[in-house]
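A.B. asks: sequence isn't available, so here's the structure alone:
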């Protein structure tokens, strides 16, 4: 590293938190409350990035026992979660989730989050999918945004330094593989930043950017998954992800089960109804709609909604944006407004008239259920000193999970990781940045490489990956198409590694595309590994659920390959 054409500065802190969503902001707040010097690094502008901020639906909420029916409790919440994911999730972590969630809700109340209440002052609780009782609290369908706003305001008040528009390029470890910091890039100042910290918390989110249609923001490109994998961290359950119907134009909006409970009509690009031809004999179309939940699952007949949409699009009867139409025109406006009040309000604010306008919908990626494995109750990964939280983390989400658990998980393990990281920083000396030069050398080579003669731009490469992942790794999966997709991604990865030519202006886009491809490869390998159909993992070549596969699969980098191992919790 002799001629790096960018300024490199060094920043020291006790705890470095990377990510701007609900889990990361909670981690930063909790670490600061312990007296640690905290730096929060966000790839997007503050309060604007990530699934927590952008997620919105009729039932977006946080599950926690103790605010409703007295028959409900921590043990019931635990049992509901285990029933949905037994064999695929860590019981110890699930118990912590159920036990800690009520206190984290109380924290949010203390921060001023305006949870929905009745006129009598009681909480309006939601009975989520896989939940035995109504226990989930929300804020008018945009619960995550309310959480992040309140938490961020408080951490700023406590003096947490926030570095916005700064992207993670790599984590930095010492000779023994212990975390010592991270290398990031400030896109506004076009400046490399080496953060030195004895404790690092990653809350970088999911892999939404690997798919054409998704419900979050474009900066979620599997950065944490890919970077942790390259450094030898253990990943788990990477084949399980959530997807479902969503409005794709003029804005993105999930459609929950209550929307389909109104029995809308699905229309192709010729405005022909099509779902009936995909419903097998003996299956009642009314039941298909009535059983609909979000996300896609094969455990009931509602699966034919996503299957029908997929096939119409793949056979060329979709819209130019890769969707179909959903029509409520035959339903009285009062019934629409009462049946999906939040969705109706949001549509109206965007000028849409659901009782008249056909709505363009697609199948949108919503959430990773697997990720970097949490190895202990404080969300530490297999890399000492590196904590993983939120959608990046794996361990409490399997093929299914009760609705409301995702927000609860972010708050519970965000809090625990923040406290643990602050404690670690007090007793741990700053290590040597052994891997820093390797990271800088890769970036230097890419910045000096001449793009002349390279046929494809970074945008063309990422778009091609998104297209193939949308088609072959979203709803219907089979070995032939996934192996072809995997072959393409591996070839594209080699192309990118050998020819990646960057400038200060596209450095983050290029490195993010590299991560997107690596994470896509991990997802495809994991989906191929699971030769069965289970919940949202639908294999057309293995349509049955196998009793021999009630286990998780871990993924680990070995030399140049991925090693998968069975893990039975």
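C.D. replies: That came in fine, so what should we check first? Computed from a predicted structure; not experimentally measured.
A.B. asks: from here on, just use CA atoms for contacts and neighbour counts.
C.D. replies: OK.
A.B. asks: low-confidence ranges in the protein?
C.D. replies: 1-2, 54-56, 58, 451-455 (pLDDT under 70).
A.B. asks: tell me the domain ranges of it?
C.D. replies: Domains of the chain are assigned by automatic domain parsing as 13-240+367-427, 242-365, 436-564.
A.B. asks: got those as JSON lines, with distance to residue 7 columns?
C.D. replies: What follows is the domains of the chain, written out as JSON lines (distance: least, C-alpha to C-alpha, whole Å):
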{"stretch": "domain 13-240+367-427", "distance to residue 7": "5"}
{"stretch": "domain 242-365", "distance to residue 7": "37"}
{"stretch": "domain 436-564", "distance to residue 7": "11"}
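A.B. asks: which of those domains sits most buried?
C.D. replies: domain 13-240+367-427 (a mean of 23; mean count of other C-alpha atoms under 10 Å).
A.B. asks: what's the span of that domain, first residue to last?
C.D. replies: Distance between the two ends of domain 13-240+367-427: 14 Å, counting by C-alpha to C-alpha, to the nearest Å.
A.B. asks: what does the helix or strand in which residue 98 is found contact?
C.D. replies: Assigned by DSSP states H and E, residue 98 falls within helix 91-110. Residues outside helix 91-110 that contact it (C-alpha atoms under 8 Å, 6 or more residues apart in numbering): 63-66, 74-75, 77-78, 81-82, 115, 147, 150-151, 376-377, 395-396, 408-409, 411-413, 569.
A.B. asks: same thing with stretch 268-286?
C.D. replies: Under C-alpha under 8 Å, 6+ apart, the answer for stretch 268-286 is 263, 265-267, 301, 304-305, 307-309, 312, 317-319, 324-325.
A.B. asks: residues touching the closest residue to residue 173 other than its chain neighbours, list them.
C.D. replies: Distance criterion C-alpha to C-alpha, 6 or more residues apart in numbering; nearest residue to residue 173, sequence neighbours excluded, is residue 179 at 4.3 Å. Residue 179 makes contact with 171-173, 198-200, 383-386, 431, according to C-alpha under 8 Å, 6+ apart.
A.B. asks: phi, psi for residue 179 please.
C.D. replies: phi -60, psi 140 (degrees, to the nearest 10).
A.B. asks: got the residue ranges for the helices in the stretch 451-569 of the chain?
C.D. replies: 458-472, 479-499, 507-529 (DSSP state H, counting those that start in this stretch).
A.B. asks: can you show me the strands along the stretch 101-250 of the chain?
C.D. replies: 136-137, 161-163, 166-173, 179-186, 191-196, 199-202, 235-236, 241-249 (DSSP state E, counting those that start in this stretch).
A.B. asks: off-centre distance for the fourth one?
C.D. replies: So the one you mean is strand 179-186. Centroid separation between strand 179-186 and its chain, computed with C-alpha atoms, centre = their mean, to the nearest Å, is 22 Å.
A.B. asks: please begin residue numbering at 23 from this point
C.D. replies: That works, and once the first residue is 23, the last one we named lands at strand 201-208.
A.B. asks: show me which pair in the contacts of stretch 290-308 is furthest apart.
C.D. replies: 323 and 341 (25.2 Å; C-alpha to C-alpha).
A.B. asks: burial check on residue 32, number of neighbours?
C.D. replies: Using other C-alpha atoms under 10 Å, residue 32 has 10 neighbouring residues.
A.B. asks: which residues does the closest residue to residue 454 other than its chain neighbours contact?
C.D. replies: Closest residue to residue 454 apart from its sequence neighbours, by C-alpha to C-alpha, 6+ apart: residue 196 at 5.3 Å. Applying C-alpha under 8 Å, 6+ apart to residue 196 gives the contacts 202, 453-457.
A.B. asks: got a winner among these for most neighbours?
C.D. replies: Busiest of the contacts of residue 196 [other C-alpha under 10 Å] is residue 202, holding 26 neighbours.
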